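K.L.:
Build me a model from this:
(2 chains)
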Amino acid sequence: EADIYQTPRYLVIGTGKKITLECSQTMGHDKMYWYQQDPGMELHLIHYSYGVNSTEKGDLSSESTVSRIRTEHFPLTLESARPSHTSQYLCASSEFSYEQYFGPGTRLTVT
Amino acid sequence: RKEVEQDPGPFNVPEGATVAFNCTYSNSASQSFFWYRQDCRKEPKLLMSVYSSGNEDGRFTAQLNRASQYISLLIRDSKLSDSATYLCVVLNTGNQFYFGTGTSLTVIP
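P.N.:
Here you go, the predicted structure:
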């Protein structure tokens, strides 16, 4: 089992609220990723990091920001949630060119 | 053109059947290849890596054809528990992972 955790698992929140989705891994992986996935659809990369103080935007602009102050922690923040942000958010980590391990996901609903 | 393309299916097969999925990728310099399995409303989980020489894990066989830029997954003696979506994943030279849309498999009793 992969040691990668996400909280909260489910979140229902009103439009305009600021939210932070937490992701932590205990495997010491340098690389971490955030994906967005709608039901039945493919994963879209929204942010990634190759190490501490390194963050990059992915292919999908989701009006979110990330930080990587510690190796094990990669939180995702939405400054002002909108209904279009309703989706599943998956965090993953990997080492070098090896496979990714995924967290259980956060299912976000913005009302 | 998408980095990774898969037939979305769905594939509905009886128990015990053999089923094959294919996937094509666009970047000839891609360096690593994987098959992931994703159950409904769950996170993707690694099924197997795909090596140039082909590799097998029990009932599952993965093959890579670099010349034609395609990857395949063969499942023999399908079980009900094999029902899931199978994702083809490619790691390119920029160290970014690209996911296919997934192929849906339902194994019927």
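
K.L.:
For residue B:73, which residues are in contact?
P.N.:
B:20-21, B:23, B:35, B:47, B:60-62, B:86, B:88 (CB atoms under 8 Å, 6 or more residues apart in numbering or on different chains). Where C-beta positions appear, they are placed from N, C-alpha and C, glycine not excepted.

K.L.:
Filter these down to the ones in helices?
P.N.:
Among the contacts of residue B:73, no member is found in helices (DSSP state H).

K.L.:
Would you mind giving me the ChimeraX syntax to select the buried ones in those?
P.N.:
Filtering the contacts of residue B:73 down to the buried ones (16 or more other CB atoms under 10 Å in any protein chain shown) takes a single ChimeraX command:
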select /B:21,23,35,47,60,61,62,86,88
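
K.L.:
Now, the contacts of residue B:73 that are in strands?
P.N.:
In strands, defined here by DSSP state E, the members of the contacts of residue B:73 are B:20-21, B:23, B:35, B:47, B:60-62, B:86, B:88.

K.L.:
contacting residues for the residue nearest to residue B:70 when sequence neighbours are not counted?
P.N.:
Counting by CB to CB, 6 or more residues apart in numbering or on different chains, residue B:70 lies nearest to residue B:24, which is 4.7 Å off, once chain neighbours are set aside. Neighbour list for residue B:24: B:4-5, B:68-71 [criterion: CB under 8 Å, 6+ apart].

K.L.:
Can you show me the strands along chain A?
P.N.:
A:4-7, A:10-13, A:19-25, A:31-37, A:43-51, A:54-57, A:64-66, A:76-78, A:87-94, A:100-102, A:106-110.
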